[in-house]
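Chemist: A predicted structure for the sequence below; I have some questions about it.
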Amino acid sequence: MSYMPDYIYPLLKLTANNIRRHPVVNLISISIIAIAMLLLSLYFLAYSNAAQLVSTWRADLRIIVYLDDDISEARLADLKNFCRELDEVINLQYVSKEQALENFKKTLGDDAGFLDDLPENPLPASLELSLDRKVAAVADVERLARQLKRQVGVEDVVYGSYWLRHLFSLLKIVKYFGLLFAAFLSVVTIFIVASTIRLSLYSRREIIRVLYLVGATRTFVALPYLLEGIFQGTLASLLALGLAYGGYVGFRNWLKLQVPQWSISTQLHFFSPLTMLSFILLGTLLGIAGFLLSSRWGFRD
Amino acid sequence: MIRVSHLNKSYNYPNMILKDVSFEVKRGEFVYLSGPSGAGKTTLFRLLFADLKPDSGQIMVDGVDLSRARAAIIARLRRRMGVVFQDYKLISSYTVFDNVALALEVSGSPRSLIQKRVWEVLKTVGIERQIDRFPPQLSGGEQQRVAIARALVNSPRLILADEPTGNLDHEIAEEIMRIFNYINSRGTTIVMVTHNRALLQCFKRKVFYLDQGNLQAYVWPD
């Protein structure tokens, strides 16, 4: 083991020489990998944020049951009991016609004056049902809404599942497309790294020839190129992460300025440390894969 | 040190470059491999350090059968021998020190030993003052000295040299030959490819003469 550093030093020296003496090739390679990784990171950042927002909205799922104006007190009490006994319902709130009007006025703010001129309150009373997130699958919400609509004294039932269902379907497509996109970008990246290393091998054939002549093993000759692939992949993924973070912060600030009343900007998130680590690891693995592919072309004595 | 038996080699069968070549070089000998252009000298030279594989026959170098040896064994053998070329085969982007040190680095020698040993061999070939220069900044004779230093740095038992004076003028060539003689006097076996008759007459040694792929051994006559 004591001689290990003596092997490592020349390998690192050769790797550093390879990188230092071919800055343009390395720069091009790192830039292209970084662009591919940036596209990948932005895509998954957008996907994971969209998925989380939808899941937050899903957790807030509510059904609003609008009541007939002429519903009797007894029927209202029965309906409340019926709703409370449903497994999916975790909270129930009765909103009277007067309260509904008051809420609406608050929403309209300064524009609410016209409501005072109305001959009568047009808003119906309602029951707002909060649903248990564990059973609040889209299909359940629809079934529940149909069930409630059939009840006597119910004028209409409103729930947000129609567009949510479409959003879910869209996200599913986005997810699968993302995996395909990731696979495609990975293959492209591997070929870029491989081509760069191949180019390096060609331009350094003089050194490789001499190394073999003085008794270097194939492993000794190849290792600097493996290290170069790792260096390119890791640096490019770090660069891509940095750029993605810059883009994320910029977008969040822009959103805050554009729609200050909307709390969406505070709900956005960047990758977790574990995801970032996996991302860097992916870059490193792409570098290694590029090296392995290029090693089919070179390193022959 | 070297035993070649019934060696045959062709690049384009049936045109044989080497035909049933057999010879032996004893430990500590200094021999020339000579002959006209196209006689197969360089092919035989490349076969001796396993840069080529023979079609048939056996090549034993320092106890290793080159026709059967795996790459790792050949790499180990090359660390025990030095190879010198007419075109020096130095890395132009490496300094003199780095070029010579490379031969020790591939075998994992400690850095302290590398520093000491490289300095020693550069002094032996008289080029220690150029240690930080790059090959393109040196004359042909100086570059060949660096190549010899690189071949020497591992204290090899065998040195193979292919026309090491081919690109040099007579005076410098004699200096290089004196270095080889000195190395040989310290017990290193040397096989040198040359077609320079003046050199053969000046530094008389056993000559293996190749002609159209056939080999004959004799000592240069007075």
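Modeler: Thanks, I have the structure now.
Chemist: In the record's domain split, what are the boundaries for chain B?
Modeler: Per automatic domain parsing, the structural domains of chain B span B:1-80+B:156-222, B:92-155.
Chemist: Kindly compare burial across these and name the winner.
Modeler: domain B:92-155 (a mean of 20; mean count of other CB atoms under 10 Å in any protein chain shown). C-betas here are computed from N, CA, C, even on glycine.
Chemist: Report whether it contacts chain A.
Modeler: Yes: Domain B:92-155 is in contact with chain A by CB under 8 Å from any CB of the partner chain, via B:92-94, B:102-103, B:105-111, B:150, B:154.
Chemist: about what we covered before: okay if I get the domains of chain B as CSV plus mean pLDDT and distance to residue A:189?
Modeler: Compiled in CSV, these are given as follows (pLDDT from 0 to 100; distance: least, CB to CB, whole Å):
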stretch, mean pLDDT, distance to residue A:189
domain B:1-80+B:156-222, 86, 31
domain B:92-155, 89, 29
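Chemist: Quick one: closest of those domains to residue A:252.
Modeler: Closest of the domains of chain B to residue A:252 is domain B:92-155, at 47.6 Å (criterion: CB to CB).
Chemist: The residues of domain B:92-155 next to chain A: which two are farthest apart?
Modeler: For those, the farthest-apart pair by CB to CB is B:92 and B:110; their separation is 27.1 Å.
Chemist: who in chain B is up against chain A?
Modeler: Residues of chain B lying close to chain A (CB under 8 Å from any CB) are B:49, B:51, B:71-72, B:74-80, B:83, B:89-94, B:102-103, B:105-111, B:150, B:154.
Chemist: and with 6 Å instead?
Modeler: Neighbours of chain A within chain B, by CB under 6 Å from any CB of the partner chain: B:71-72, B:75, B:78-79, B:83, B:89, B:91, B:93, B:102-103, B:105-106, B:108, B:110.
Chemist: sorry, back to before: which one, of the domains of chain B, ends up nearest to residue A:198?
Modeler: Among these, the nearest to residue A:198 by CB to CB is domain B:92-155 (19.5 Å).
Chemist: And that closest one, end to end?
Modeler: 24 Å (CA to CA, to the nearest Å).
Chemist: Please apply the same query to stretch A:203-220.
Modeler: End-to-end distance for stretch A:203-220, by CA to CA: 18 Å.
Chemist: again, but for stretch B:185-192
Modeler: Stretch B:185-192: ends 15 Å apart by CA to CA.
Chemist: The closest residue to chain B within the stretch 1-150 of chain A is in what secondary structure piece?
Modeler: Closest contact between the stretch 1-150 of chain A and chain B, by CB to the nearest CB, is at residue A:10 (3.6 Å). Assessed by DSSP states H and E, residue A:10 sits inside helix A:4-21.
Chemist: Of all the residues in the first helix or strand past that helix going along the chain, which ones are buried?
Modeler: Later in the chain than helix A:4-21, the nearest helix or strand by DSSP H and E is helix A:23-59. For helix A:23-59, a neighbour-count test (16 or more other CB atoms under 10 Å in any protein chain shown) marks A:25-26, A:29-30, A:32-38, A:40-45, A:48-49, A:51, A:58 as buried.
Chemist: sorry, back to before: any idea which of the domains of chain B gets closest to residue A:214?
Modeler: Comparison of the domains of chain B against residue A:214 by CB to CB identifies domain B:92-155 as nearest, at 4.1 Å.
Chemist: partners of residue 159 in the sheet?
Modeler: Assuming you mean chain A. Following DSSP bridges, residue A:159 is listed with bridge partners residue A:63.
Chemist: should've been chain B
Modeler: residue B:82, residue B:190.
Chemist: Pretty sure it sits against residue B:149.
Modeler: No: using CB atoms under 6 Å, residue B:159 makes no contact with residue B:149, being 11.6 Å away.
Chemist: Please report how far the closest residue to residue A:67 other than its chain neighbours lies from residue A:105.
Modeler: Spatial nearest neighbour of residue A:67, excluding adjacent residues (CB to CB, 6 or more residues apart in numbering or on different chains): residue A:125 at 4.7 Å. Per CB to CB, to the nearest Å, residue A:125 is found 16 Å from residue A:105.
Chemist: of those two, who's got more company?
Modeler: Set residue A:125 next to residue A:105 and count neighbours by other CB atoms under 10 Å in any protein chain shown: residue A:125 wins out with 20 against 14.
Chemist: Show the contacting residues for the more buried one.
Modeler: With contacts defined as CB atoms under 6 Å, 6 or more residues apart in numbering or on different chains, residue A:125 is in contact with A:67, A:96, A:97.
Chemist: Look up the pLDDT of it for me, please.
Modeler: Looking at residue A:125, its pLDDT stands at 92.
Chemist: I'd like the distance between residue A:282 and chain B.
Modeler: 33 Å (CB to the nearest CB, to the nearest Å).
Chemist: no, scratch that, I was asking about residue A:213
Modeler: Taking CB to the nearest CB as the measure, residue A:213 falls 6 Å from chain B.
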